[in-house]
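J.: sequence and predicted structure, then a few things I'm wondering about:
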Amino acid sequence: MNNKHRKIIELIVLHMENKLSETQQDELTAWLEEDEKNRSFFQQVISPEKRLQKFETRKHIDSERAFSKFKKNTQPHKVKSIYRLSRYAAIFLVPVLVGLVYLLMNQEPATREISQSPITHGNNKAILILSQGETIDLSPDHALPALPEGIDLVLQGDKLIYVSDSTTEKEKQYHELITPRGGEFKITLPDGTFVHLNSNSKLRFPKNFAPDKREIFLSGEAYFEVSKDTNKPFLVIAEDVQVKVYGTTFNINTLLENQIQTTLVKGSVGIRVQNSSQEYILKPSQQAIVQKTDGNIIVREVDTTPYTAWTEGIFLFDNERLETILDKLALWYDVELFYQNESVKEVRFTGYLKRYDNIDVILNAIESTVSATFHIKERTIIINKNEYTNR
């Protein structure tokens with residue numbers, strides 16, 4: 001790439017950041033007036049629609065690695081303005097810069113051959129088990145059957161709504177909502193609390209809450225928006241961890257191998273290990289990590305976005321190990337994983353991936369920037385380390 005290309009890239013980036021000086025604006029204008037091709041190229045780059053079409057795969061990629069590659073081909077002082085971007089803003093902008101480099105050099109990056117695998121992304125499906133053992137299939141192609149007396153449910157699109165009643169129960173009746181691998185489901189509990197249940201998860205809850213508390217049980221991952229009731233605290237029992245709230249938004253994940261994560265978006269929650277009197281109070285943008293082995297609790301400040309983006313149809317990874325990433329993808333796409341090289345598990349990736357994309361698009365996005373290769377055989381993803389990658 002020649003110096004002129006470098007200069008044009010810098011000017012276009014500054015234009016996109018709205019940071020062009022008067023002199024730089026004159027330079028960009030002069031370049032645009034040189035040739036119709038320049039004007040066409042410029043419009044293609046700054047047009048969101050065309051940019052998304054052109055960089056459908058690259059828009060997902062590891063921004064830091066991509067930016068590192070980009071810097072190698074540019075002079076240090078040419079890219080200082082990029083550092084002023086926030087980290088996550090760079091995830092969306094830097095792939096565009098990579099696209100600029102490819103277009104200006106008339107190159108296109110290699111992508112994996114699209115497989116004809118039967119693998120599809122997850123969707124809305126779950127099983128509801130009533131207190132007497134009756135099973136209700138909540139898949140999209142199933143309608144609600146006739147329900148036992150006293151059970152008032154509404155299936156509204158991809159969400160199940162419980163209608164509260166004032167019936168006094170002699171014995172507490174518990175229901176279970178279970179999502180399989182490759183499934184997710186939303187539910188509004190009798191008190192108005194909204195829960196989004198992720199893949200391979202189970203929520204156990206009473207048909208009617210007790211007069212003094214609202215207690216439910218979770219195994220897996222779920223996002224909560226708890227209906228406020230200061231007289232009736234909301235308790236989530238996640239394995240050996242109790243999360244106590246009064247009205248708040250948070251995410252709980254017990255699917256990780258050695259820990260249980262509670263991430264608070266807003267409000268306030270108290271975290272404690274069962275049979276322990278010590279409670280840790282979380283503030284917004286804090287996360288409690290409970291070690292499954294010894295019950296030790298660590299509280300840390302976090303950006304909550306990577307932990308809740310899944311509810312918006314996005315996987316957002318911030319320097320995560322490839323093994324952790326693929327574990328999440330395996331649950332969502334309901335596939336098995338086979339590692340031909342153990343060290344590849346430690347490869348790190350930063351970027352965002354659409355949960356409803358084809359599996360090949362997802363793997364292309366990761367493979368395009370990390371030293372790993374993927375091969376699909378039936379419903380198994382075979383992972384190997386590419387020791388000779390140029391990335």
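T.: Here it is on my side, so go on. Numbers count the residues shown, from 1 in each chain.
J.: domain parsing for this protein?
T.: Per the record's domain assignment (automatic domain parsing), the chain is made up of the domains 3-104, 123-307, 313-385.
J.: need the winner for burial among those.
T.: Among the domains of the chain, judged by mean count of other CB atoms under 10 Å, the one packed with the most neighbours on average is domain 313-385 (a mean of 18). For every residue, glycine as well, the C-beta is placed using N, CA and C.
J.: and that one, end to end?
T.: The stretch domain 313-385 measures 28 Å between its terminal residues, going by CA to CA, to the nearest Å.
J.: how far does that domain sit from the chain's center?
T.: 13 Å (CA atoms, centre = their mean, to the nearest Å).
J.: helices and strands around the helix or strand in which Thr263 is found, which ones?
T.: Taking DSSP states H and E as the criterion, the element that holds Thr263 is strand 259-266. With contacts defined as 3 or more CB pairs under 8 Å, 6 or more residues apart in numbering; DSSP states H and E, the packing partners of strand 259-266 are strand 241-245, strand 249-253, strand 286-291, helix 305-308.
J.: list the contacts of that strand.
T.: With contacts defined as CB atoms under 8 Å, 6 or more residues apart in numbering, strand 259-266 is touched by 238-239, 241, 243, 248-254, 269, 271, 282-292, 302, 304, 307-308.
J.: partner strands of it and their direction?
T.: If you go by DSSP bridges, strand 259-266 pairs up with strand 249-253 (antiparallel), strand 286-291 (antiparallel).
J.: average pLDDT for the very next helix or strand once past the longest one?
T.: This points to strand 286-291. Secondary structure here is assigned by DSSP H and E; on that basis, the next helix or strand after strand 286-291 toward the C-terminus is strand 297-301. The predicted model gives strand 297-301 an average pLDDT of 95.
J.: for stretch 354-361, list the C-alpha coordinates in PDB.
T.: This file holds the C-alpha atoms of stretch 354-361, laid out as PDB (Å, rounded to 0.1, in the frame of the first residue of the first chain):
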ATOM      1  CA  LYS A 354     -24.700 -12.200  15.700                       C
ATOM      2  CA  ARG A 355     -26.500 -15.100  17.500                       C
ATOM      3  CA  TYR A 356     -28.800 -15.700  14.600                       C
ATOM      4  CA  ASP A 357     -26.100 -15.900  11.900                       C
ATOM      5  CA  ASN A 358     -25.300 -19.100  10.100                       C
ATOM      6  CA  ILE A 359     -22.600 -21.100  11.900                       C
ATOM      7  CA  ASP A 360     -20.200 -20.600   8.900                       C
ATOM      8  CA  VAL A 361     -20.500 -16.800   9.100                       C
END
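J.: quick revisit: now the helices and strands packed on strand 259-266 as a markdown table including mean pLDDT?
T.: Conversion of the helices and strands packed on strand 259-266 to a markdown table gives the following (pLDDT from 0 to 100):
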| stretch | mean pLDDT |
| --- | --- |
| strand 241-245 | 93 |
| strand 249-253 | 96 |
| strand 286-291 | 94 |
| helix 305-308 | 92 |
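J.: among those, which comes closest to Ala30?
T.: Closest of the helices and strands packed on strand 259-266 to Ala30 is helix 305-308, at 40.4 Å (criterion: CB to CB).
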